[in-house]
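> dropping a prediction and its sequence here:
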Amino acid sequence: MKPPGRRPQTLVARGVVTPCAGAMVRYTVPATTADCEGQMAHEFGPELEEDEKRKDKRIALLISILALFLALSEMLGKSAQTEALHANVSANDLWSFYQAKVIRMTVLRTAVQTLEFDLSATTDAELKDAKRKVIDTWTKTADRYESDPDKKEGRKELEERAHEAEQERDRELVRYHHYEFASAALQIGIVLASASVITTMPVLAWLAGGLGLAGVALTAVGFFTPDALHALHIM
């Protein structure tokens, strides 16, 4: 028999029961930090893993979008560079043609002035008529060298065409510079987005997104209004 008035001694523990002095004694063992972390990892591990997977998928999608616009800006940059080179060659050719027209026109006008000077001293009527015909022919040719609206190969038309080619060259160069800066921003954004996966730093992903928006904006400006930023700089 148990002594009267004596109750069984129990200590609340983690389900561990041992006999002690004829009584079932439950003892308490303090839970360690590792045990708590293990239990939390066991309980919340699947949710955390799913959350990390979702973040990785979003960053992967961000990198894909940045790579898409990077390819677009690179393609447009190469096209603008080619067009700028083509316009520059055209401008050089037109200026060379312009100089040739000016030289021919100057030579003909000088020859006409010489014949006109000799014409007053010519007494032979047939020779005088021949000189007048030559003067008229050379004068018309010189005038055609000065301006030829039909073929657009006169001095004035060639000058206008050369200036237009130079403007086209400068416009394509501005486009090319916009695309180059856009490509640089997109490339840096891809690097930061990739680094955010390794370092698990969300701020890098946000920076990558910001640089991506800047790159897309520069690409759009270069494609639609390449002179907009230059005009703002002048103002």
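Happy to help now that I have it. As the structure is a computational prediction, the values presented were derived from the model and not from experiment.

> the helices in this structure, which residues?
Along the chain, the segments classed as helices by DSSP state H run 33-119, 125-146, 155-199, 202-224, 228-234.

> reformat those as a markdown table; add mean neighbour count and mean pLDDT.
Just so you know, the C-beta spots here come from the backbone N, C-alpha and C atoms, and that holds for glycine as well. Putting the helices of the chain into a markdown table (neighbours: other Cβ atoms under 10 Å; pLDDT from 0 to 100) gives the following:
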| stretch | mean neighbour count | mean pLDDT |
| --- | --- | --- |
| helix 33-119 | 14 | 85 |
| helix 125-146 | 14 | 91 |
| helix 155-199 | 19 | 95 |
| helix 202-224 | 18 | 95 |
| helix 228-234 | 10 | 60 |
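
> with adjacent residues omitted, what lies nearest to Ala87?
Arg169 (3.8 Å; Cβ to Cβ, 6 or more residues apart in numbering).

> against Ala91, how distant is that neighbour?
From Arg169 across to Ala91, the span is 6 Å (Cβ to Cβ, to the nearest Å).

> how close does the residue nearest to Ala87 sit to Gly154?
Taking Cβ to Cβ, one finds Arg169 at 22 Å from Gly154.

> ditto for Leu70
The separation that Leu70 has from Gly154, given Cβ to Cβ, amounts to 47 Å.

> ok, now Ala130?
For Ala130, the distance to Gly154 - Cβ to Cβ - is 28 Å.

> also Lys133?
The value you get for Lys133 to Gly154, if Cβ to Cβ is used, is 23 Å.

> same check, this time on Arg171
25 Å.

> try Pro226
Per Cβ to Cβ, Pro226 is found 31 Å from Gly154.

> go on, Thr123?
Distance from Thr123 to Gly154, by Cβ to Cβ: 37 Å.

> repeat for Thr137
Taking Cβ to Cβ, one finds Thr137 at 17 Å from Gly154.

> go on, Leu72?
Using Cβ to Cβ, one gets 42 Å for the distance from Leu72 to Gly154.

> tell me who's in contact with Leu62.
Taking Cβ atoms under 8 Å, 6 or more residues apart in numbering, we find Leu62 in contact with 193, 205, 208-209, 212.

> and which of the residues you listed is nearest Glu160?
Gly212 (42.4 Å; Cβ to Cβ).

> ok, the closest one touching Ala67?
No - using Cβ atoms under 8 Å, Gly212 is not in contact with Ala67; the gap is 10.0 Å.

> about what we covered before: shouldn't the residue nearest to Ala87 be in contact with Ala84?
Yes - with contact defined as Cβ under 8 Å, Arg169 reaches Ala84; the gap is 5.2 Å.

> contacts only, for the residue nearest to Ala87.
84, 87-88, 91.

> one more time with 6 Å, if that's ok
84, 87-88 (Cβ atoms under 6 Å, 6 or more residues apart in numbering).

> now do it against Leu76, distance only.
17 Å.

> swap in Leu211?
In terms of Cβ to Cβ, Leu211 sits 18 Å off from Leu76.

> Ile190 now?
18 Å.

> and Trp206, by the same measure?
Trp206 is 27 Å from Leu76, by Cβ to Cβ.

> could you do Thr200 as well?
35 Å.

> now Lys128
66 Å.

> next one: Arg161
From Arg161 to Leu76 the distance is 26 Å (Cβ to Cβ).

> and for Glu153?
Distance, Glu153 to Leu76, using Cβ to Cβ: 34 Å.

> report the contact partners of Leu204.
So Leu204 contacts 192, 195-196 (Cβ under 6 Å, 6+ apart).

> which residue, other than its chain neighbours, is closest to it?
Ser196 (3.7 Å).
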